[in-house]
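*Asks:* Need a 3D model of the following:
(2 chains)
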Amino acid sequence: MLNDPKNYKENVKAYQPKVPYFMNCFKAFLVGGFICLIGQGVQTFYMHVFHFSKQAAGNPTVATLILASALLTGFGIYDKIANFAGAGTIVPVTGFANSITSSALEHKNEGIVLGIATNLFQLAGEVIVFGVVSAAVLGIIRLFIEHLF
Amino acid sequence: MSKVRKQTWRFDQPIYLGATGTVVGPLEARGPLSASFDKCYEHLNCGQKSWTEAERALLRRSISFCLAKAGKAEGDIDLFLAGDLMDQTVTSNFIARESRIPFLGMFGACSTSMETLATGAMLVDSGFADNVLCAVSSHNATAERQFRYPTEYGGPTKLTQTFTVTGAGAALLTKEPGKVKVKEATIGRVIDWGINDAANLGTAMAPAAADTIWTHFQDTGRTPDDYDLVVTGDLSAVGSPILDEILLEKGLDISSVHQDCGTMIYTSDQPVSAGGSGCACSAVVTYGYLFNRLAEGSLKRVLVVATGALLNSSTPKEKDTIPCIAHAVLLESAKEG
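*Replies:* So this is what the prediction gives:
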């Protein structure tokens, strides 16, 4: 019975397309895992060719992935991969880079300061806010636990 | 002009769609209706530097095609009615700045196509204008930016989501005899049945379309058999069956004559999720494909019901539900027999 404005939201669910959760997870796993594989390859490359320690190779590895993601965004390829992969491309650092690069591109016409700089973290801002806040909260919890035991 | 019951206008004098102009982007050009459009741009930027400029180029070109086909100059037009999806409908405003025709900007989201056409026909019928130019535009990238995410942002698309049509459609309303008549218009009410998912506008808008279509049949006393087509604007593959079901429950079966512009404009294998949407969706299908078929007489009577979701990008985040509207315009072939 759809002719019931009060319960429409509930009754209309039968008419909605089924979300292929399993397939979405599988695609995300595949692409996300592949990005991690590339990251691992890059890290190994820095360790063997430039003789970085495992820890020291971390930063240039992340920077390389960010650069690659930004370039793919600029060439209009990243969003097509992401449309297929879903969370597989959003969760890794490449997704963060894409959100920043795409915002910068979108607002380029409004100028460097008020366009790019103002809107750069339009989408990534929430990640930073929750990252910083949760780090602070967890830091305080850790401090208490260390003092108690 | 006469009022039929509360919501329907019947134009007593013959009013014609003198000429139309339709321009679309690359994805629409690869769709099944591409032959009916005047121009298809090969790239989304339409040869411009920015998406906003690209949308203006679309609107500008659709108008120039329309006027050229009608053999009219801008000076012959008494009134220009236009709208689009941008904040403060800037695309239309900026094109009106160039055209210098007296201008009324209109906004009914994706229902603006039929909102301008109905209002234009009413103004011609009542004698306030002889020639009225109606036009709307939408652009996939400007709409993405306005309502969703930056163009190049990578995120999954929901199955219920629609894809904003890149294009513009213009139509000239006149009393000079032409091939397609504008006979009636049914003005819709704003309907909100509690959907607040901006990625599921087909479901949100179906009750509004149902209300307007139901009212149209009540007001005119006709049945769906009297129509060759009842075409909705952008209910998409998700909203269309819902509309049919809502009306069927009330005892009105339109399923045999109902089609949706959003599913007509693309093939099912194009990457558009549930189908096309946007002001241009109903406009280019109506002023291109449907206009041609009415003009040649292969369709006699078509009801175009343009649907609009009256939200902005903030209201769903503020937990507001989505008010929707639908306006219907009845078009008839002027060809005898």
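
*Asks:* contacts, neighbours, all on C-alpha from now
*Replies:* OK.

*Asks:* Show me which residues of the stretch 51-200 of chain B are close to chain A?
*Replies:* Within the stretch 51-200 of chain B, the positions adjacent to chain A are B:145, B:150-157, B:159-160, B:193-195 by C-alpha under 8 Å from any C-alpha of the partner chain.

*Asks:* Which members of the residues you listed are the farthest-apart pair?
*Replies:* Longest distance between any two of those is 33.0 Å, between B:Glu152 and B:Trp193; criterion C-alpha to C-alpha.

*Asks:* And these two? Which one has more around it.
*Replies:* Taking neighbours as other C-alpha atoms under 10 Å in any protein chain shown, B:Glu152 and B:Trp193 compare with B:Glu152 leading, 26 against 22.

*Asks:* Looks like A:Ala97 contacts A:Ser69 (just checking).
*Replies:* Yes: contact criterion C-alpha atoms under 8 Å: A:Ala97 and A:Ser69 qualify, at 6.2 Å.

*Asks:* which of the residues in the lengthiest strand in chain B are buried?
*Replies:* Assignment by DSSP state E gives strand B:8-24 as the longest strand of chain B. Neighbour counts over strand B:8-24 (16 or more other C-alpha atoms under 10 Å in any protein chain shown) mark B:8-11, B:14-24 as buried.

*Asks:* Can you give me the neighbour number for A:Ser69?
*Replies:* 23.

*Asks:* and the residue of chain A found nearest chain B, which of the three is it?
*Replies:* Distances between chain A and chain B by C-alpha to the nearest C-alpha are smallest at A:Asp79, namely 3.8 Å. Secondary structure for A:Asp79, judged by DSSP: H, G, I helix; E, B strand; the rest coil, is helix.

*Asks:* For it, give me its contacts.
*Replies:* By C-alpha atoms under 8 Å, 6 or more residues apart in numbering or on different chains, A:Asp79 lies in contact with A:73, B:152-155.

*Asks:* can you do 6 Å?
*Replies:* Listed by C-alpha atoms under 6 Å, 6 or more residues apart in numbering or on different chains, the contact set of A:Asp79 reads B:152-154.

*Asks:* and the gap between the closest residue to chain A within the stretch 1-150 of chain B and A:Leu120?
*Replies:* Closest contact between the stretch 1-150 of chain B and chain A, by C-alpha to the nearest C-alpha, is at B:Pro150 (5.7 Å). Look at B:Pro150 and A:Leu120: by C-alpha to C-alpha, to the nearest Å, they are 11 Å apart.

*Asks:* Overlap in contacts, these two.
*Replies:* Counting by C-alpha under 6 Å, 6+ apart, the common neighbours of B:Pro150 and A:Leu120 are A:Ser103.

*Asks:* who's more crowded, those two?
*Replies:* Neighbour totals were compared for B:Pro150 and A:Leu120, and B:Pro150 leads with 24 against 21 (other C-alpha under 10 Å).

*Asks:* looking at this, the more buried one is in a strand?
*Replies:* No: with three-state DSSP as the criterion, B:Pro150 is assigned coil and is not in a strand.

*Asks:* I figured B:Val304 hits B:Glu332, correct?
*Replies:* No: with contact defined as C-alpha atoms under 6 Å, B:Val304 does not reach B:Glu332; the gap is 10.8 Å.

*Asks:* Out of the two, name the residue with the larger neighbour count.
*Replies:* Legend: neighbour count by other C-alpha under 10 Å for B:Val304 and B:Glu332, higher for B:Val304 (29 against 25).

*Asks:* and the more buried one, backbone torsions?
*Replies:* phi -100, psi 120 (degrees, to the nearest 10).

*Asks:* That's all I had, so thanks and see you.
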